[in-house]
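Chemist: Sequence and predicted model, in that order:
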Amino acid sequence: MLLTDIWTVFWRDWLVLRRRLGRFILSRMITPILYLVTFGWGLGKSVLVFGTSYLDFIFPGIIALNSMNISFNAVSSPVNMSRLHYKTLEEYLIAPISPFAYIAGKIISGTVRGLISSVVIILLGVSFGAHFAVTGWFVLVLTLNCLQFSAFGLLAALLINSHEELANFNTYFLLPMSFLAATFFTVDKLPAFLRAPVELLPLTHASYALRTLGMGGTVPWLSVLVICLYILGFSAAGWWAMKRVNA
């Protein structure tokens with residue numbers, strides 16, 4: 001019964017996405033193409049980092065960054081709008097499904113959108129000449145990254161009480177993390193007072209893990225563990241926020 005309820009929540013979102021899949025894919029190509037042209041072709045071919053081209057170095061970070069943004073926004077904006085404006089969240093609250101089923105279905109939906117977008121980015125990277133290894137561990141870490149930011153997006157949507165505040169949250173939190181969290185350079189380049197908090201950010205561990213695996217390194221178990229802890233923490237907090245809305 002629980003799995004059926006989770007599937008029902010997910011399937012509703014999938015039907016919406018399937019009708020707009022072409023537009024969804026095209027719209028998700030613009031920002032990564034700009035990153036690849038600017039940092040890959042414009043800068044990447046003339047700079048070496050750790051014995052490889054800058055394009056090869058930043059591409060896993062671009063994947064981490066893109067999957068963060070897509071997964072977060074795929075959940076946060078629709079849930080926030082449904083809660084505050086359309087009031088469709090109330091239909092889920094009175095339906096015979098548990099808050100856990102709703103949370104799990106939404107998180108899985110955001111994860112699928114993040115993974116679809118990531119496949120598009122990987123194909124773009126190959127066409128731009130990026131070299132990286134897509135292993136089973138790489139796919140697993142990418143999935144975990146989508147999960148953690150889908151859960152984070154759900155939590156933000158349930159706690160933030162206006163769409164404008166949600167946009168401000170993106171500006172004040174996601175945007176700085178996009179550029180600081182080991183996406184375009186290693187965190188050891190940062191001043192000491194800034195390095196410590198940046199190393200705690202979820203995107204930092206996702207970028208580091210994907211870069212390590214993409215460059216043929218061993219599994220960074222600490223980063224994988226930290227990402228899993230973020231998934232559990234965000235999901236638990238989201239369950240609490242859902243119960244709070246339902247009270």
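Modeler: That came in fine, so what should we check first? Numbering: from 1, shown residues only.
Chemist: how far does stretch 227-243 sit from the chain's center?
Modeler: With Cα atoms, centre = their mean, to the nearest Å as the basis, stretch 227-243 stands 15 Å off its chain's centre.
Chemist: and it, which residues are buried?
Modeler: Under the neighbour-count criterion of 16 or more other Cβ atoms under 10 Å, stretch 227-243 has 227, 230, 231, 234, 235, 237, 238, 239, 241, 242 buried. For every residue, glycine as well, the C-beta is placed using N, CA and C.
Chemist: Report the mean confidence score over that stretch.
Modeler: The average pLDDT for stretch 227-243 rounds to 92.
Chemist: now what about that stretch, what contacts it?
Modeler: Here stretch 227-243 makes contact (Cβ atoms under 8 Å, 6 or more residues apart in numbering) with 99-100, 102-103, 107, 141, 144-145, 147-148, 151-152, 154-155, 158-159, 202, 205-206, 209.
Chemist: Next, check the buried residues of stretch 227-243 against the helices and list the overlap.
Modeler: 227, 230, 231, 234, 235, 237, 238, 239, 241, 242 (DSSP state H).
Chemist: quick one: which of those residues is nearest residue 67?
Modeler: residue 227 (11.8 Å; Cβ to Cβ).
Chemist: Would you check how far apart the closest one and residue 53 are?
Modeler: Per Cβ to Cβ, to the nearest Å, residue 227 is found 27 Å from residue 53.
Chemist: next one: residue 35
Modeler: If you go by Cβ to Cβ, the gap between residue 35 and residue 53 works out to 15 Å.
Chemist: Would you state the strands of this structure in chain order?
Modeler: 48-49, 52-53 (DSSP state E).
Chemist: in its sheet, what does the last one sit against?
Modeler: Within its sheet, and counting by DSSP bridges, strand 52-53 is paired with strand 48-49 (antiparallel).
Chemist: Kind regards, and thank you for your time.
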